[in-house]
Every structure is written in structure tokens, then in C-alpha cells.
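S.K.: here is my input, please return the structure:
(chains A and B)
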Number of protein chains: 2
Amino acid sequence: MAKEGADMTEETQFMIDKNVGKEVENVESPGSAKEMRAVMLAGFGGLNKLRVIRKAMPEPLDGEVKIRVKACGLNFLDLMVRQGTIDNPPKPPLVPGFECSGIVESVGENTKGFEIGDRVMAFVNYNAWAEVVCTPVDFVYKMPEEMTFAEAAGFLLNFVAAYMMLFEVANLREGMSVLVHSAGGGVGQAVAQLCSIVPNVTVFGIASCFKHAAIRDSVTHLFDRNIDYIQEVKKIAPEGVDIVLDCLCGENTGKGLSLLKPLGTYILYGASNMVTGETKSFFSFAKSWWQVEKVNPIKLYEENKVIAGFSLLNLLFKQGRCCLVKSVMDKLLRLYDQKKIRPVVDSLWALEEVKEAMQRIHDRGNIGKLILDVEKSPTPLMASDSTETSEAGEEEEEPEGDNDSKERMPFIH
Amino acid sequence: MAKEGADMTEETQFMIDKNVGKEVENVESPGSAKEMRAVMLAGFGGLNKLRVIRKAMPEPLDGEVKIRVKACGLNFLDLMVRQGTIDNPPKPPLVPGFECSGIVESVGENTKGFEIGDRVMAFVNYNAWAEVVCTPVDFVYKMPEEMTFAEAAGFLLNFVAAYMMLFEVANLREGMSVLVHSAGGGVGQAVAQLCSIVPNVTVFGIASCFKHAAIRDSVTHLFDRNIDYIQEVKKIAPEGVDIVLDCLCGENTGKGLSLLKPLGTYILYGASNMVTGETKSFFSFAKSWWQVEKVNPIKLYEENKVIAGFSLLNLLFKQGRCCLVKSVMDKLLRLYDQKKIRPVVDSLWALEEVKEAMQRIHDRGNIGKLILDVEKSPTPLMASDSTETSEAGEEEEEPEGDNDSKERMPFIH
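M.R.: Purely as a prediction, here's the structure:
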């Protein structure tokens, strides 16, 4: 099996050891007032495009909050940003990352509601993976007292997306059924928790076999992602399901629509099938797009079906819906206070370990959320590691097959 | 401008005068116990395919209710049935009609909940346009005391469809905005009334100019269907609307999607643009299908949009969702009792006038619902009538332009 980007396998060693060079030579002196550490994406491509650098610390503009970052969320979307496979990507070099938690360090002019020292979590339109972040006040939320920084960094995108899909787009109610792909991932686990607050909801989860033991209790029925899940779901629910949540895209769109009950809703909220190899492959990318079956509205009419797309980032940063998101966050924070929901954190990684973390989410090795812990030191590699990290080739059938990489991951559970 | 089916213009005269022939020779002796009058569609095509015949009266099977029909609803869909442009049409000859009201005459074995003499309204899977109808008990509802038979025959399809689209598919809530095509039609008026029970909902209605005076109070903003409504709506709502209800299809699908706010829902619930001429034209039919833009799910994802199809008949008769419809009817009947909703009846027609009624709905001359009144005698033609009824050609830009046909219609308002 040909590996994409085979010339980069050496990149899987800690970049702090080899790649970062003098850009991070001052990394040990965080006292420098005007500089900070940040993860930099030098250009679209493989893991070798990522490095930790020192760069000028931002200062808050009017209406912004400056946050001393403690933890950042890492999402599958960050892989797509790295590869440049998102819609209208910004021009690199750039600092990736869309969410973080930390402590308010200062506030800009006309910034109300926050004080220095507040523990906060925030959406950021890029630039989250850094020691300091500035973001508009509308994207910042106070953390509940009991919430850790790691949990907070894993809360925003996953729970807001899960909640809005279930309750804003699809109108989940008592007695309904939900099918969720990547049930072991951050959104999947948030979906499972939110479904459990509605009486009598059946959750069909699809996940890699090795995760089943860990997440079995979070869903009603669990299926291996490598089997024909259509047949298995139909054995249990011959009429289909009410809601399908799909972050894969490709052929799963047609499958998802076919699994819907009348009046059921299919929601596409990601396209992780577009990421097949370690680097962007134009061929595999084009193939994925090609595989997306376009939908004839008249077929929806005849079958009484609903198809929706959901992108929280576009909603926040392109479509200006932060008020709506705020109202959703109010509800989510109440649920957290009532101990009905809680982010599942898979593992914590130093900024310098961002490549390992990305490889883990690429290999679908995670259960719950991957967190970049800004204050964490890199975990030394074990003897068996060095260049052995899997790089999924585009022909690969079971990207999660290479699960031995799990063994060296710094789990917190 | 070429007219389709020009050889049938004489058909617009009362069929009872010329066309029905001996099949209805006993029409004046309704006392015959085993026979009844019914509208028969002899084959798919123009108005000349319709006639009133006498045929054997049905008897209720297990679980059915036998209804002495007082009134039947006439919907745009009945035109599509006549032309054979619906999905999987049954084989003619057939008796059209999907809803009626009347009095229970007998009940089959194992039929609970109804007694002889009950005033009822019912969904029927064809065969509604007759003096007697048998239909499964799950499709039958008791009429509120204050409701007339004409109102009841216009209640079911329009209000259930409007309610389910607004509240089951699209989740209408306070402060939202709704755009509805054919605002003067039966569904359009039901949508307008249901929107008025939710606080602060803005309704954008599109209708032919000559209806504006009559329906102006039912909606917030009213636009002529011949203008560029996209521009006009955007002047008032630059961000777009939350819900678009489209019974036209064709190019309106793309327009509707483009008018949606993020998280907005476009619902296709009919395809009346497929009916362009008096008879089915394969070319115009194919063109309409061609014009239906297929939707790329990834575009929905990027734009945070929802597209849905809604067919109440398929839901009831193919997909077995009468329990869900029953729960909706419970809510609608409460709203009727509270005088919050009431069917708008455009006009009453004898069975023998079904062609005139169909022409009127084809020409979009109606405001509210057209009703076939089974006990009504045909209205004599006036001198100015005879063969002058418009038959919309497929190139016609303004099918409602020929509005003088309104003048001779037997309005009840």
C-alpha cells in the first residue's frame, strides 16, 4: 500500500526535537512579555507543515477579550484545515484552532461582562492553539466552577453542535431514534449524552470495534463501522430512524437518507471521508466530492424526508449567529450544572505533540475529545516509537486498524 | 400562443348537458339503494376525461366507516391526478378525491368509535368524489358541532399539511418568518392562520394581484407572483427568511433555498408548476423535472440550510403515519374550537361542475378551498359563458390573467 507523504514519516518524531529549530529557542522563557508560543501551520499539507513557534502576543481590540490559554480543543476539522480541504481556507501561515479555555488577562475597550481573572471558554476564528488568544466578547463564556480547563476546551464545539443538530435542526422528541456515526468521537459522545436527557430515545452508534467496550453504555445499540450498518439497523428498526447525524459524507449520505423514517432528518455536519491520507490527495478529495450524491427535492417530497447541513463554524464566523449560540449555551450550561452532560476528554497533549494528536484523531483512535494542554511538557517517546506512527494511505480500508499507536498515548482516563 | 388540448374546449360546457350521456340517465333517482353518483376519471388527460356516472355503492369492510358524503375537497393535486403527473398513479378508470365530509351511514366489523349519524370528515385514498365513501376508521374524524360540511371538506388536507410543515418539519417558533407561495390557496390560507397563533411571526405571501385585496389581512407582506419576489423579500428581510413553503417546484426551489436564513428550512410540498397546460404535456413535464435543481449536501453544510419534502398523501396512504396525523388533528381541532383557525371556502360546486371547478383551480382563480357539494344542483350557465373558459397554454406567463372567469363562479362569500 503506497503511503502518501512517505517522505515525512520522520516528522512524527517530536517536532520540538528536530523541526522547530531556532523559532522556539526561547520556548523555555515564557516570561517574555510580548511573545508567546503558538502552533503554526506553514502551508497546507502533511504533519510536517506544523511547528511550534514564538510569535508576537496579540492585544485585544475593541470588544475583544484577551485570554491566557490553558487548553485548546482539537477537532477533525483541524485536519481538514491542515490539508486545505475546507471551503475558502485562509492563507497560511496561520495558527489553527477554533476553541480554547483559559483565564481572562485583559479586556479591550467596550468589552462588557468579563473581568481579569475570569475562567472562560471561547470560540476563536483560528488562532486558538497559542498561549494567548484574543476573541470577540460574543464568543466568550464563563466556565462553571466545577469544570476543568480541559473539559471546557472540549465543551463548546462538540456540545453546541450536538445540541443544535438535535434540537434546533431536527427537533428531537420523546420516543425518537438517532443514528450517529463516530459515536466514540467528541460530537458522538455529546450526542449520546444529550439524547439521554430526552425520555425513551434510542441511539444507534457506529464506531470502531476497539472502542465498543469503552462506549457501550453511552448508546442503545452499537455497530462496527466496517460492517453493513444499514442491514443491522434495519433488523432492529425496520422502519428506519428519525435522525441520522453524519460527519463522514460520501456514500454515507445516500445510506443515511435511505435509513430515515418518513419525516426523518439527515444532517451532514462534516466530511471526514474527504481526509483519506495523511496529506491532501487531490484524487481522493475529488473522488469524495464525486461520491456525494446530489439530492432531488422531488424525491424528498415523495418520501417525506429532510436533509440538512450543519456547520457551527460557518454559523458563528460567517453567518453571525452568536446570539443563537449564546441561547444554546445557556441551556447547555444548565444541563452541565445539573450534571446531565459532561465532556469526555480522550487525552491531553502538549502543543509540541500536536502532530501525534492529529495522527490519533486521523486514525480515529480517540474516545471523546483531544485536548492541547498549553502548560503540559511533551511526553518523552518510548523506545518502540520513533517513526512507527501510522499514516493512513488513501486505499486503506480500516484506518483505525493501526491501534497499537494507542498504547503510547497520554490518556488521562 | 398555442393551446394544448384545443380540441377539448367544448368540454368546458357542463358535462351534464353533453358528455355524460346515458351513464347518468338515472342521476335524478338517488333513491336507488345500491347505486350512487360519482365523478369518474376515464383516463389521464384533459377535462373531457371527467364525467359523472352511476356506479355500485361500496359497503364497508372490516375496520371501515361508510359515509354518506355531503362535501368533498378539490385540491391542486387532483389536477395532477387527472393528468397522470403524480408518482405511481393508479390505473384509470378511477374516482378521484382524497377528502370528504358527511354522515356515518354504517360501520364495518371491528370499527370502533363511530356511530350511525355521526357528522364526520375523512381522508380517502381516492374515491372521495362520490355520494358514498368507505374509508378505514383511522382516517375518519368527528366534526366539531359548529363546523359546516363545506368547511369540514376543506379542513383536513390543508390544515394538517400546513400544521405539519410548520411545526413538525420546520419547528416554527416566536419571531420567525415564513414565505408561502400561493398564499391565496387552501394551504396558503391555512399557513397564514397557523402562523398567526405564534407570536411575532412575519408571513411573506406570494399571490396573484387580483387576490391581494381579499387576502391582504391574512399575511404581513404580500407580493405579486409575477414580480421578482426574491428582490422584494430581501428589501424587507436582507438576511432572508426562516421557512419557505413551496408548492410550485421548478426554479422556485433554487430561489427558495437562496432566500433562507442560516438554519432555515425550505419545504417542497407540491409541484404545481408541472401542470402548465390543460392536458399533460410530456415536454412541459420533462422540462419541469429538469428545472428542479438537485441539491448538493455539502452546499447545505456550508450554508447551514435544510431542505425537506412533504407529501401528506404519501404519509397517510403509503407510509402509514395516521397515528401521527391523529395527534396533529387533536391539536387542530382544539385550535378550531378556540376559533383560532377556520377553513376559507372559495366556492361550492355540484359534482357535475367538477370541470369548471378544476379549471378555476388551474387558473389559480380561487381564494381558499374549492368544494364539491354533493347535494348541489349545477348552476345554469350564463349567456356569456359557453366555451370561453381559459385553458392555460404551456407558454403562458400569467395563467391567472384570465380572471373574468371568476365572474360566473358560484361564490359562497
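S.K.: only C-alpha atoms from now on, for both contacts and neighbour counts.
M.R.: Will do.
S.K.: for the closest residue to A:Phe76 other than its chain neighbours, helix, strand, or coil?
M.R.: Nearest residue to A:Phe76, sequence neighbours excluded (Cα to Cα, 6 or more residues apart in numbering or on different chains): A:Ile361, at 6.6 Å. State at A:Ile361, reduced to three classes by DSSP: H, G, I helix; E, B strand; the rest coil: helix.
S.K.: for A:Ile361, grab the count of nearby residues.
M.R.: Other residues near A:Ile361 come to 22 when the count uses other Cα atoms under 10 Å in any protein chain shown.
S.K.: chain B versus that one, what's the distance?
M.R.: A:Ile361 is 22 Å from chain B, where distance means Cα to the nearest Cα, to the nearest Å.
S.K.: go ahead and confirm A:His212 touches A:Arg225.
M.R.: No. Using Cα atoms under 8 Å as the test, A:His212 is too far from A:Arg225 to be in contact (10.7 Å).
S.K.: so where is the stretch 151-300 of chain A shaky, pLDDT-wise?
M.R.: By pLDDT under 70, the low-scoring segments of the stretch 151-300 of chain A are A:273-291.
S.K.: against A:Val233, how distant is the residue nearest to A:Met176 when sequence neighbours are not counted?
M.R.: Spatial nearest neighbour of A:Met176, excluding adjacent residues (Cα to Cα, 6+ apart): A:Val201 at 5.1 Å. As judged by Cα to Cα, to the nearest Å, A:Val201 and A:Val233 stand 15 Å apart.
S.K.: residue numbers of chain A in contact with chain B?
M.R.: Proximity of chain A to chain B (Cα under 8 Å from any Cα of the partner chain) is limited to residues A:87, A:168-169, A:171, A:262-263, A:268-270, A:292-311, A:314-315, A:319.
S.K.: try 7 Å
M.R.: A:169, A:262-263, A:268-269, A:294-298, A:300-302, A:304-311, A:314, A:319 (Cα under 7 Å from any Cα of the partner chain).
S.K.: restricted to buried residues, select the residues you listed in PyMOL.
M.R.: Buried members of the residues of chain A next to chain B, defined by 16 or more other Cα atoms under 10 Å in any protein chain shown, are picked up in PyMOL with:
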select buried, chain A and resi 169+262+263+268+269+295+297+298+300+301+302+304+305+306+307+308+309+310+311+314
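S.K.: from the residues of chain A next to chain B, which ones fall inside helices?
M.R.: A:Pro297, A:Ile298, A:Leu300, A:Tyr301, A:Glu302 (DSSP state H).
S.K.: so what's the second one up against?
M.R.: When the contact criterion is Cα atoms under 7 Å, 6 or more residues apart in numbering or on different chains, the partners of A:Ile298 are B:Gly309.
S.K.: swap in 8 Å and give it another go.
M.R.: Residues near A:Ile298 by Cα atoms under 8 Å, 6 or more residues apart in numbering or on different chains: B:Leu268, B:Val292, B:Gly309.
S.K.: want to try JSON lines for the residues you listed, with distance to B:Leu74 as columns?
M.R.: Shown next, in JSON lines, are those (distance: Cα to Cα, whole Å):
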{"residue": "B:Leu268", "distance to B:Leu74": "20"}
{"residue": "B:Val292", "distance to B:Leu74": "26"}
{"residue": "B:Gly309", "distance to B:Leu74": "21"}
